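Chemist: sequence and predicted structure below; questions after.
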Amino acid sequence: MRHIRITPGIRHAISAALIALLTACGGGSDSGGSDSGGSTSSAPAGGVKLQVVAFGDSLSDVGTYAPVASAVGGGRFTTNPGQVWTQDVAQYYGDTLTAAFTIDLGHELKPQSGLGYAQGGSTVATPADQNQFLTDVIGDVEMPVNQQISSYLSAHGSFNSGQLVLVWAGANDVLRAGSPPAANATVQTAATTLAQLVAKIVQSGAAHVVVVNVPNIGLSPDGIKSSDGGGNLTQLSQLFNATLNAALQSNGLQGKVIVIDSYAWTTQTIGNYQANGFTVSNTGQACDASRTPHDTSLLCSPATYVSSNADQTYMFADNLHPTTRMHLLFAQYVEQQLAASGLGH
C-alpha cells in the first residue's frame, strides 16, 4: 500500500474528530497518564534503589500516547489502567517510570521529564513511516530504538551505575518482516543492529543492562489464528533470538548484560496457564473487540473488558499484548533473574 503523508493541520483536525468519536464510545478518565508511586524508602522491595530507563516498543511503553488514548480510559498497550512490566520493575527498585515523550493532539511527540523511551509501534531501527501502525490515532511518530537511545544521550549525556537500563525490541521487526526465507535477512539485520545499540548503551556508562529477547510471537492470539498456526512467526522469533545472542557475544557483551529469555518464559507460561492463575490462555483476549476502538489494547479499559476481572484471568489483552497480570508475572521473572545475577533480592 502506498503511504500517504498527512500534513500537521489535517492531523490536528483528524485528532479532534477522533477524540470526539472515542469519547462518544465511553470512558474519559485519564488512566493512562499516571503511574502508581514508587517507594521513597532507602530499601525498596528489590533491596536496592535504582533509576530505571526503558527502551523498546509497545510491550514497554508506559504512556506515550496517553493524551489521546485517555479519552476512552486507555493509555498503554495492556488492560488499562493496569501497568506494564517496566513500571512494575521500576517500582520494585523504588522508582516511578513515566514517559520520555508524549503525543499531543497534533500528532507530534513532545519531550517530557520521564525515562520511559519505549514507544508502541517502534522497531529496532526502521523509520515510523515505513509501516501503517494506528496512523489515524497516533500518526507516524514513533521513534525506533536507535533514535530513542540517541534522544536519551542527547538529553542526558551518559548512563550511570545507579541506573537499570531495560531494552526490549524486535517484535515489530519480526511481525513486519513477512515470511521466511525472504524475511530472514530483515530479521537478522534487526537483531544484529539491536546488539550494536546495546553495546552503545554499555559504552556510554550503563552498569546494569537488561536485554530481553523477543517472545514466541507464534503463540500469540494473532499467531495461532494465522493460516500456518503461527509457525512462521515462531521460526522468525527463534531466528531473531539466535542472531541476537551471537551478536551480543561478538560485540563483547557476554557478562556485561543480563539477557532475559522471554521466548522460553512465554512458551512455558502459556503451556501452564492454569497453574499461573489464568482461566483463558492464548485462545482469547480480555478486551472485547466489538467494544474496543480499533481492537487495540491501547484503547482498552474496564468498560471494554469481556468480563470484570479479565485483566487477571486472561493472558492477552488484544491479539498481541499481555494483560496486567501477565505483565506483572513477567516483571517478577525479570526481578528474579536480576537477583540471581547479584542485583538486589
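Modeler: Yep, it's here. Residues are numbered from 1 along each chain as shown.
Chemist: now the strands for the protein?
Modeler: 51-56, 101-103, 109-111, 163-168, 209-212, 258-260 (DSSP state E).
Chemist: looking at strand pairing, list the partners for the residue nearest to Gly63 when sequence neighbours are not counted.
Modeler: Setting aside the residues directly before and after it, Gly63 is nearest to Ala99 in space (CB to CB, 6 or more residues apart in numbering), at 4.6 Å. (C-beta placed from N, C-alpha, C; glycine too.) Under the criterion DSSP bridges, Ala99 forms beta bridges with Gly116.
Chemist: can you pull the contacts of Ala99?
Modeler: Neighbour list for Ala99: 61-64, 66, 112, 114, 116 [criterion: CB atoms under 8 Å, 6 or more residues apart in numbering].
Chemist: under the pLDDT cut-off, which ranges of this structure? List them.
Modeler: Applying pLDDT under 70 to the predicted model, the residue ranges of the chain that meet it are 1-42, 129-130, 132, 139.
Chemist: how much space between the residue nearest to Gly63 and Ile201?
Modeler: With distances taken as CB to CB, to the nearest Å, Ala99 is found 19 Å from Ile201.
Chemist: what does Ala183 give?
Modeler: Distance of Ala183 to Ile201, computed by CB to CB: 27 Å.
Chemist: who's more crowded, these two?
Modeler: Neighbour count, other CB atoms under 10 Å: between Ala183 and Ile201, Ile201 has more, with 23 against 19.
Chemist: what residues sit buried inside stretch 64-71?
Modeler: By neighbour count with 16 or more other CB atoms under 10 Å, stretch 64-71 contains the buried residues 64-71.
Chemist: in helices, which of these fall?
Modeler: Members of the buried residues of stretch 64-71 lying in helices (criterion: DSSP state H): 66-69.
Chemist: tell me the contacts of Asp61?
Modeler: Going by CB under 8 Å, 6+ apart, Asp61 touches 76-77, 84, 99, 116, 118-120.
Chemist: now those as JSON lines including distance to Gln147?
Modeler: Written out in JSON lines, the entries for the contacts of Asp61 read as follows (distance: CB to CB, whole Å):
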{"residue": "Arg76", "distance to Gln147": "21"}
{"residue": "Phe77", "distance to Gln147": "19"}
{"residue": "Val84", "distance to Gln147": "20"}
{"residue": "Ala99", "distance to Gln147": "15"}
{"residue": "Gly116", "distance to Gln147": "15"}
{"residue": "Ala118", "distance to Gln147": "12"}
{"residue": "Gln119", "distance to Gln147": "9"}
{"residue": "Gly120", "distance to Gln147": "15"}
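Chemist: and the end-to-end length of stretch 175-194?
Modeler: The first and last residues of stretch 175-194 sit 16 Å apart, counting by CA to CA, to the nearest Å.
Chemist: again, but for stretch 295-306
Modeler: Counting by CA to CA, the length from the leading to the trailing residue of stretch 295-306 is 13 Å.
Chemist: what about that stretch, distance to the chain center?
Modeler: Using CA atoms, centre = their mean, to the nearest Å, we find the averaged C-alpha position of stretch 295-306 to lie 17 Å away from the chain's own average C-alpha position.
Chemist: let me see the contact set for the residue nearest to Ile224 when sequence neighbours are not counted.
Modeler: If you skip the residues right next to it in sequence, Ile224 has Gly230 as its closest partner in space, 5.0 Å away by CB to CB, 6+ apart. Remark: with contacts taken as CB under 8 Å, 6+ apart, Gly230 is in contact with 217-220, 223-224.
Chemist: so what's the residue count around Ser301?
Modeler: Counted with other CB under 10 Å, residues neighbouring Ser301 total 26.
Chemist: now the one 3 residues further on
Modeler: Using other CB under 10 Å as the criterion, Thr304 is surrounded by 26 other residues.
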